[in-house]
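**Q** attaching a predicted model along with its sequence, questions to come.
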Amino acid sequence: MGLLKGKNKFPVEGKTVLITGASEGMGLSAAIQLAAKGANLILVARNVGRLEEAIVLVKNAAKSPATQKFTYISADVSEHNYAAAVIAQAIAWNGGAAPDIVWCIAGMSTPLLWASEEHDVMAATRRNMDVNFFGSAEMSRAILKEWLSPENSTSPKAEPKHIVFTSSVLALFAIVGYGPYTPSKWAIRGLADTLAMELNLYPDNPVKVHVVYPATIISPGLERENKTKPEITLALEKDEPPETPEVVARRAIAGLERGEYFVTMSFLGNLMRCAIMGGSERNSWVWDTLIGWIMPVIYFFVGRIMNQQVRGWAKMNGHPAKYVKKA
Ligand SMILES: NC(=O)C1=CN([C@@H]2O[C@H](COP(=O)(O)OP(=O)(O)OC[C@H]3O[C@@H](n4cnc5c(N)ncnc54)[C@H](OP(=O)(O)O)[C@@H]3O)[C@@H](O)[C@H]2O)C=CC1
Ligand SMILES: CCCCCCCCCCCCCCCC(=O)[C@@H](N)CO
């Protein structure tokens, strides 16, 4: 079996990995799994109490507890310029060296109908953009300024650094009710595609960029977002089964180890990815292209079925302004 697996393109043993959003949900699971593979970890989130609990879990999972080290940094990723200070602190802790891998997982979601009168939809949209897009954008810029500096030039053959973004399958296939959230996850893809080309300007500072596209994760974040989630959104997203943070993190890491640029973690997610590749790098040029050719036929039916479902909902429930409020 080992022979068939190919080279691990995301080795973490002895490396230092910084993860934002690492105190719960998928970020915590990713931290635990990377600790078990021998990584040193820097966990970033706001709440110190939860970070301290997370550090205990991560330490307990360590492959070689005697040599691996773990710390946390409390920071709000929605604040302008937060990342420069986080990276400076990380470098000081790491004996003067920048982290080798940065994975932006901190995120939030406020699903709402766009024309809803009960909520400040635009405030929610700005907040989602601040946390999800700007939180990742600021971090990627702070770490890339380090990795790409002339002082840190090595050679094209050197082991690459990795910047990993976390988007959502909603950036591959958007559904009703996620107006305040989905654009922030599409924006991440736009930045990643830009960087994937831009990094070629620095052949002596090899860096790989990746985007991970989870579907529903059974996490504290999901409980929070379900408080405002429209019923029709809940009904439509049932078609993509929810997974535990452990499973999502394991599949994400497996994709990174295969060297994928866009990592999807489910069958549907992979189909959606192949349908929307544009100019982005393929995992397999042959398969992704073939599936991409079939997808318009599938979407011909999916589009009709889903829009019909939404229209049926409207017929059953009347104008959204008249929906009975959730308790
Ligand atoms: N849950 C889902 O169904 C899906 C989620 N995703 C995305 O996957 C990622 C993980 O999701 P999930 O496991 O649900 O995450 P959770 O919401 O359960 O956890 C979020 C983590 O991010 C941290 N965080 C949130 N806001 C900030 C902030 N402003 N500054 C710093 N840290 C912050 C939280 O800690 P603290 O609050 O202490 O700061 C926590 O550690 C997110 O990017 C999410 O958008 C994608 C697809 C589906
Ligand atoms: C081949 C194409 C078939 C299309 C079927 C469509 C099924 C719709 C699946 C939508 C799943 C939405 C998950 C939301 C995840 C997320 O990001 C939020 N929970 C925010 O955190």
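**A** That came in fine, so what should we check first? Ligands and ions are numbered 1, 2, ... in the order given.
**Q** ok and the residue in the stretch 151-300 of the chain nearest ligand 2?
**A** residue 168 (3.2 Å; Cβ to the nearest ligand atom). In short, each C-beta sits where N, CA and C put it, glycine included.
**Q** test my guess that that residue contacts residue 184.
**A** No. Counting by Cβ atoms under 8 Å, residue 168 stays clear of residue 184, with 9.1 Å between them.
**Q** okay, those two: which has more neighbours?
**A** residue 184 (28 against 25; other Cβ atoms under 10 Å).
**Q** measure the residue in the stretch 1-150 of the chain positioned nearest to ligand 2 to residue 42 for me?
**A** Per Cβ to the nearest ligand atom, residue 109 is where the stretch 1-150 of the chain lies closest to ligand 2, at 3.6 Å. Look at residue 109 and residue 42: by Cβ to Cβ, to the nearest Å, they are 25 Å apart.
**Q** and for residue 55?
**A** 10 Å.
**Q** neighbour count: the two, which is higher?
**A** Each of residue 55 and residue 42 has its neighbours counted (other Cβ under 10 Å); residue 42 has more, 25 against 18.
**Q** now the more buried one: phi and psi?
**A** phi -120, psi 110 (degrees, to the nearest 10).
**Q** which residue, other than its chain neighbours, is closest to it?
**A** The shortest distance from residue 42 to any non-neighbouring residue, by Cβ to Cβ, 6 or more residues apart in numbering, is to residue 18 (4.3 Å).
**Q** what's the answer for residue 168, then?
**A** Here the residue nearest residue 168, using Cβ to Cβ, 6+ apart, is residue 185, at 4.5 Å.
**Q** what does the stretch 201-327 of the chain put close to ligand 2?
**A** 215-216, 222, 225, 236-237, 239-240, 268, 271-272, 298, 302 (Cβ under 6 Å from any ligand atom).
**Q** show me where the stretch 1-150 of the chain has its strands.
**A** 16-20, 40-45, 70-74, 101-104 (DSSP state E, counting those that start in this stretch).
**Q** what number of residues lie near the residue nearest to residue 168?
**A** Residue 185: 26 neighbours (other Cβ under 10 Å).
**Q** looking at strand pairing, list the partners for the residue nearest to the spatial centre of the chain.
**A** Most central in the chain under Cα atoms, centre = their mean is residue 166, positioned 1.1 Å from the mean C-alpha point. On the basis of DSSP bridges, residue 166 is bridged to residue 212.
**Q** and the residue of the stretch 151-300 of the chain closest to ligand 2, what is it in contact with?
**A** Neighbour list for residue 168: 181-182, 185, 213-215 [criterion: Cβ atoms under 8 Å, 6 or more residues apart in numbering].
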